[in-house]
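> output the structure for:
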Amino acid sequence: MTPALVEVRGLRKEYRRGTEVVPVLDGLDLDIASGDYLALMGPSGSGKSTLLNLLGGLDQPTAGSIRVAGVAIEGLSSNELASWRARHVGFIFQMYNLLPVLTARQNVELPLLLTRASQAERQRRAEAALSLVGLADRANHKPGELSGGQEQRVGIARAIVTDPDLLLCDEPTGDLDRKSGDQILDLFDALNREAGKTIIMVTHDPRAAARARRILYLDKGALVREER
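Sure thing, here's the model as predicted:
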């Protein structure tokens with residue numbers, strides 16, 4: 001059996017809105033094996049993006065535990081979390097989040113600024129990541145000179161440039177046309193099957209979810225169904 005890369009136990013998350021407590025996740029248990037490709041689906045407000053943020057150390061749980069590659073991340077300080085994320089997690093967002101004043105290569109290099117890589121090494125790795133996503137010829141182009149699909153591929157290159165254990169994708173095709181979205185999903189397939197990357201993808205699109213190895217459905221902060 002493939003060992004679990006992610007182990008979640010009794011995960012709860014609540015937010016406060018004035019004096020009101022708003023529960024988002026309610027005692028969730030989840031195992032994700034190394035090399036898995038998981039789609040998270042469910043209605044708006046079901047806790048999908050909250051779960052993704054917790055798994056990536058962008059937010060802290062109210063209760064419960066999260067272990068990623070054996071590290072209990074809920075117990076890490078803010079500085080420790082930042083260092084851990086830089087080494088182990090790549091984020092891919094719906095809106096790309098590229099800096100418009102930087103070239104594609106410079107955007108991809110950004111996560112490497114948190115490592116000890118030299119400038120030459122950062123440039124080499126950024127160019128290799130851009131080549132992997134098919135954008136070697138766009139390295140010196142700025143985001144405004146790229147299509148939406150190309151911008152998302154730059155975002156993917158930025159996410160994989162540190163060779164992370166885990167890719168966390170929040171509606172990665174939600175702002176793309178069908179052709180560009182399919183190209184991004186083809187790239188995810190290759191990253192999962194050929195590079196062995198573990199991928200967790202939040203999506204509302206059943207066609208995107210069908211590309212994953214399994215689909216988990218959340219509703220009101222609980223896992224209600226799984227499909228393989």
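> helix or strand for the residue nearest in space to the middle of the chain, which one?
For the chain, the residue nearest the mean C-alpha position is Leu168 (1.4 Å; Cα atoms, centre = their mean). Using DSSP states H and E, Leu168 falls within strand 166-170.
> returning to what we had before: any idea how far Glu121 is from the residue nearest to the centre of the chain?
Note on Leu168: its distance to Glu121, by Cβ to Cβ, to the nearest Å, is 25 Å. Every residue, glycine included, has its C-beta placed from N, CA and C.
> ok, back up a step: confirm for me that the residue nearest to the centre of the chain is in contact with Leu55.
Yes: assessed by Cβ atoms under 8 Å, Leu168 is found in contact with Leu55 at 6.3 Å.
> between those two, which contacts overlap?
Ile200 (Cβ atoms under 8 Å, 6 or more residues apart in numbering).
> does Asn107 count as helix, strand or coil?
Recorded secondary structure, Asn107: helix (DSSP: H, G, I helix; E, B strand; the rest coil).
> who's in contact with the residue lying closest to it once chain neighbours are set aside?
Leaving aside its sequence neighbours, Asn107 sits nearest to Leu98 (Cβ to Cβ, 6 or more residues apart in numbering; 4.9 Å). Contacts for Leu98 (Cβ under 8 Å, 6+ apart) come out as Ala104, Asn107, Pro143, Glu151, Val154, Gly155, Arg158.
> could you list the low-pLDDT ranges of this protein?
When residues are selected by pLDDT under 70, those of the chain lie in 1-2.
> let me see the ranges of the strands in it.
Along the chain, counting by DSSP state E, strands occupy 4-17, 20-33, 37-41, 63-68, 71-72, 89-93, 166-170, 198-202, 214-219, 222-227.
> can you say which of these is nearest to Leu113?
Nearest to Leu113, of all the strands of the chain, is strand 89-93, at 14.8 Å by Cβ to Cβ.
> elements contacting the closest one?
Strand 89-93 sits against helix 148-160, strand 166-170, with contacts defined as 3 or more Cβ pairs under 8 Å, 6 or more residues apart in numbering; DSSP states H and E.
> got JSON lines for those, with distance to Ser83 too?
Shown next, in JSON lines, are the helices and strands packed on strand 89-93 (distance: least, Cβ to Cβ, whole Å):
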{"stretch": "helix 148-160", "distance to Ser83": "17"}
{"stretch": "strand 166-170", "distance to Ser83": "15"}
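> what's the closest of those to Leu114?
helix 148-160 (12.3 Å).
> what residues does the closest one touch?
Helix 148-160 is contacted from outside by 90-93, 96-98, 104, 107-108, 110-111, 126, 129-130, 132-135, 138, 143, 146, 167, 172-173, 175-177, 179-181, 183-184, 187, 191, 195, 197, using Cβ under 8 Å, 6+ apart.
> tell me the angle it makes with strand 89-93.
160 degrees (axes from the mean of the first three to the mean of the last three Cα atoms, to 10 degrees).
> how about the contacts of Leu98 in TSV, adding neighbour count?
TSV is the format used below for the contacts of Leu98 (neighbours: other Cβ atoms under 10 Å):
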residue	neighbour count
Ala104	31
Asn107	25
Pro143	20
Glu151	24
Val154	26
Gly155	27
Arg158	26
